[in-house]
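Novice: coords below, sequence missing:
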């Protein structure tokens, strides 16, 4: 029979829909269990909606001796109050005899899923009962290129022997071996009921070996430079195999998600390029993209872009005056919302009942002259973006993906940030970003930082393609409540200028215009002329300016900008008749020239490329030259990014592909504190490309560096397909930090940590001398680390009444100053604003190698959360530093709640935030932490916050 994968002589035994989890995002997949001539295959399809019409196998995993399917609880990216209604499975298998891959998928926890898993298990048992015999895997069918690309003809090719060097050793810096001093029970004085103790350094190492998705370095994105391939054709170069399990770990960390490629994407790209035919085909596609102008025509299409901050309201009238204000129906709608939900819990990444209400309101209000199909919707708390296209265009939409980035404090809160949808329409790539940036008139620098964070962290992961950033698209449209205000503080003067229609004069004080002019944000973006009055702030349900006690100054908060070629803005307007919110909606109508492929011309260009490659391929080997191979990074510090760059030039006669590859026995091509950007690419003959080397110490690597188990030293291997390997040496000196140092060690240090010469020895030998009686006063440990006292005392004395404390992120420059101050001195006061000090405290707690509630007590903590007596008993069993810090923090947080009328804090919000930092699951339990477990940890903290006594 003909199978669902379009291959004869096979039978589909079961199918189930699910979502692949990659870098904290979810993409739809269809799993199929297929029997082919007595053997079983697990098929993974990237576009389940296409199954009915014409399914295409994206990935085939043989169910053999190396195949594993493991069921486990969902690993949450962010705080979640709800119980899990799904099941997460991890699939390991081989794509080729030399290449293993790993996928993590989320399936509905229903009878169909259970039946599917049972049938897979049965297939595994049948395979296990048969004698194993080697069988060559079928090559992976590449994903379709933009436009119908002809299949390159296969031919016999000479085999070129590489004359390059080969790495025969693992290149790592010498690391100190820590002594296994004593078990945690004897160190901390726990009761005898605690069993299976884990040694101190082993636990620290376990935590810090987790490689997670990361927050952005606190700097703008890299400057524009010549790409290795055109943005309109993001060609998937061959990847570096990565540690799949590590790449799927998600946590609140310090680097962008783009630092870790998707394991499944890497595996499939590697499989497609593992053969000479695969490399040849991808090189042809790359050159075809370079000659795109020879076979595309520019055709105009209309785009309607809308944005509205709805202030937590539900739709109370038709949206047609906004969405259907033009006589001709646009080809594509992109509609963004902000503040869909203003509840306290909405600060965290939770479901909202208002999403569907607003989506349906949009659908009812689209231009009735057009027949539209919704292609994607994405929401992050109150930010939502939905895209519709005319049904006749749907077949020309491909490579669709959506992502979100939260820029709330430590990335834990999604009340601010951005959501984006990217796609390719015909042969032009689009990225549409909807954002809600930081509020308050004076916080324009924080808005700039939010913009940079979104640019740095927003990456799209597609099957068979490298991660794509926002700027790697032909056209980018950026909309939303950007929240930029006016540098005028007299409300009466602003209203007078508006009444006089002196809008141009008023725009001279517009913060966004000034930030763009000074190149601090939205560089290279364009905005049309604003001929409408400010869209913020109005009394709800009226056209009157804000008459509340705060009397907000009118401002153009709601904006639409763009970058790219062949873009013409036809209209840019507000819609005063919409009165649901305290903002007015804004819309823009664009005419955009889209690259449409002429198939006959493309075929001729393709054939010319193949003939040219045939002439050169057997006679020429690729070759590159590097401008530098040795790099030294001086004074590397925690959370402070350093960059160096070098040039790679193709000095050979043929196009070449390069990639950084792992050294023998290493899962990744570099250590977790290092990154190369780009890490792979294509070069035409004589083409030169800049490669940046970035060193950034996050919480994932700081403890190992503090303890001397790691150092700033690595060797990168730059591999050239069909060519040789080049070795790049990275070295430097690391300056130790109190961040990532244990509470026990910090309690023994009375000087700034940077002045302690024997910090490594202290970390090794803290057990025996930690709380010994007698000795001089210098030998007596502090009750709590001085760093904790300095941070909390600052907040207690200066910030109890700070509005939105622990809800507004700090400024990265101020955070760096605070960290330096704590590492190098014992300050009487800390630099920076209260929000920066608050976030520094959270970063300190998150970076601890052992959380305040120790790993050994994690499960008991959850089990005790219902009984306040058991909770207090558990805290009393913590070691002295951990016990004292816990009680000190609880006393401080209870004091903050007494000022809730001013700081807008609630017990539930505080408990949710601090539970994720003080009560962390052991590394081996992170992936099994459920929503119920997280709620129990929150209840544990709530019990102390709501108690009447001060214990």
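Specialist: Alright, I've got the coordinates. Owing to the predicted nature of the structure, the values given are computational and were not obtained by experimental measurement.

Novice: Which SSE is immediately downstream of the helix or strand harbouring residue 27?
Specialist: Under the criterion of DSSP states H and E, residue 27 resides in strand 25-36. Next helix or strand after strand 25-36 toward the C-terminus (DSSP H and E): strand 39-45.

Novice: and that next one, which strands flank it?
Specialist: Next to strand 39-45 in the sheet, as set by DSSP bridges, lie strand 25-36 (antiparallel), strand 59-62 (antiparallel).

Novice: Now do it: distance to the chain's middle.
Specialist: 29 Å (CA atoms, centre = their mean, to the nearest Å).

Novice: Against residue 907, how distant is residue 415?
Specialist: 18 Å (CB to CB, to the nearest Å). C-beta coordinates here come from the backbone N, C-alpha and C atoms, glycine included.

Novice: Out of the two, name the residue with the larger neighbour count.
Specialist: Higher neighbour count among residue 415 and residue 907: residue 415, with 25 against 17, using other CB atoms under 10 Å.

Novice: That one against residue 409, yeah?
Specialist: No - counting by CB atoms under 8 Å, residue 415 does not reach residue 409; the two are 9.3 Å apart.

Novice: okay, and the common contacts of the two?
Specialist: residue 807 (CB atoms under 8 Å, 6 or more residues apart in numbering).

Novice: tell me which element residue 692 is part of?
Specialist: Counting by DSSP H and E, residue 692 is part of strand 688-695.

Novice: Please disregard the earlier target; I meant residue 793.
Specialist: Assigned by DSSP H and E, residue 793 falls in helix 786-798.

Novice: what's the spacing between that helix and its chain's center?
Specialist: Helix 786-798 sits 31 Å away from the centroid of its parent chain (CA atoms, centre = their mean).

Novice: list the buried ones in that helix?
Specialist: For helix 786-798, a neighbour-count test (16 or more other CB atoms under 10 Å) marks 786-788, 790-792, 794-795 as buried.

Novice: before we move on, back to that, of the strands paired with strand 39-45, which is nearest residue 729?
Specialist: strand 25-36 (35.1 Å; CB to CB).

Novice: hang on, the earlier thing: pull out the buried residues from the strand holding residue 692.
Specialist: Per 16+ other CB under 10 Å, strand 688-695 contains these buried residues: 688-691, 693-695.

Novice: packing partners for the helix or strand just after that strand?
Specialist: Remark: after strand 688-695, the chain's next helix or strand is helix 699-706, criterion DSSP H and E. If contacts are counted by 3 or more CB pairs under 8 Å, 6 or more residues apart in numbering; DSSP states H and E, helix 699-706 sits against helix 200-208, helix 759-769, helix 834-847.

Novice: quick one: average pLDDT of helix 699-706?
Specialist: The predicted model assigns helix 699-706 a mean pLDDT of 94.

Novice: Same question for stretch 513-521.
Specialist: 96.

Novice: Equivalent analysis for stretch 395-406, please.
Specialist: On average, stretch 395-406 scores 94.

Novice: quick revisit: direction included, what does the strand holding residue 692 pair against?
Specialist: In its sheet, and by DSSP bridges, strand 688-695 pairs with strand 642-650 (antiparallel), strand 674-677 (antiparallel).

Novice: did I read that right, residue 820 in a helix?
Specialist: Yes - assessed with DSSP: H, G, I helix; E, B strand; the rest coil, residue 820 lies in a helix.

Novice: gap between it and residue 452?
Specialist: 21 Å.

Novice: Please look at residue 404 and residue 380 and confirm they touch.
Specialist: Yes - using CB under 8 Å, residue 404 is in contact with residue 380, at 4.0 Å.

Novice: got any residues that touch both of these two?
Specialist: Counting by CB under 8 Å, 6+ apart, the contacts common to residue 404 and residue 380 are 414, 417-419.

Novice: follow-up on the earlier one: lowest-confidence stretch among the strands paired with strand 39-45?
Specialist: strand 25-36 (a mean of 81).

Novice: ok now stretch 722-741, how far from the chain's centre?
Specialist: Its chain's C-alpha centre lies 23 Å from the corresponding centre of stretch 722-741 when counted by CA atoms, centre = their mean.

Novice: Does the nearest residue to residue 400 once chain neighbours are set aside lie in a helix or a strand, and which?
Specialist: In space, and not counting its chain neighbours, residue 400 is closest to residue 423: 4.5 Å by CB to CB, 6 or more residues apart in numbering. Here residue 423 sits within strand 417-425, counting by DSSP H and E.

Novice: which strands and helices sit next to that strand?
Specialist: strand 332-338, strand 372-380, strand 383-390, strand 397-406, strand 428-436, helix 444-457.

Novice: What is the burial count for the closest residue to residue 113 other than its chain neighbours?
Specialist: Excluding its sequence neighbours, the residue lying closest to residue 113 (CB to CB, 6+ apart) is residue 107, at 4.5 Å. Residue 107 is flanked by 21 other residues according to other CB under 10 Å.

Novice: So residue 107 sits against residue 91, correct?
Specialist: No - Residue 107 is not in contact with residue 91 according to CB under 8 Å; the separation is 11.1 Å.

Novice: pLDDT (mean, whole number) over the strand holding residue 423?
Specialist: 96.

Novice: quick one: that strand to chain centroid distance?
Specialist: Using CA atoms, centre = their mean, the offset of strand 417-425 from its chain centre is 14 Å.

Novice: Report the mean confidence score over the strand holding residue 692.
Specialist: For strand 688-695, mean pLDDT rounds to 96.

Novice: who touches that strand?
Specialist: Strand 688-695 is contacted from outside by 217, 222, 225-228, 631, 633, 636, 641-650, 673-678, 681, 683, 712, 716, 728, 730, 732, using CB under 8 Å, 6+ apart.

Novice: All the strands of the stretch 1-150 of the chain, residue numbers only.
Specialist: 10-22, 25-36, 39-45, 59-62, 68-72, 86-96, 99-108 (DSSP state E, counting those that start in this stretch).

Novice: which secondary structure element contains residue 477?
Specialist: Secondary structure assigned from DSSP H and E places residue 477 in strand 475-481.

Novice: partners of that strand in the sheet?
Specialist: Going by DSSP bridges, the partners of strand 475-481 are strand 428-436 (parallel), strand 558-563 (antiparallel).

Novice: Of all the ones you listed, which one is nearest residue 580?
Specialist: strand 558-563 (13.8 Å).

Novice: Off-centre distance for the helix or strand following the closest one?
Specialist: Per DSSP H and E, the first helix or strand lying C-terminal to strand 558-563 is strand 567-574. Relative to its chain's centre, strand 567-574 lies at 32 Å (CA atoms, centre = their mean).
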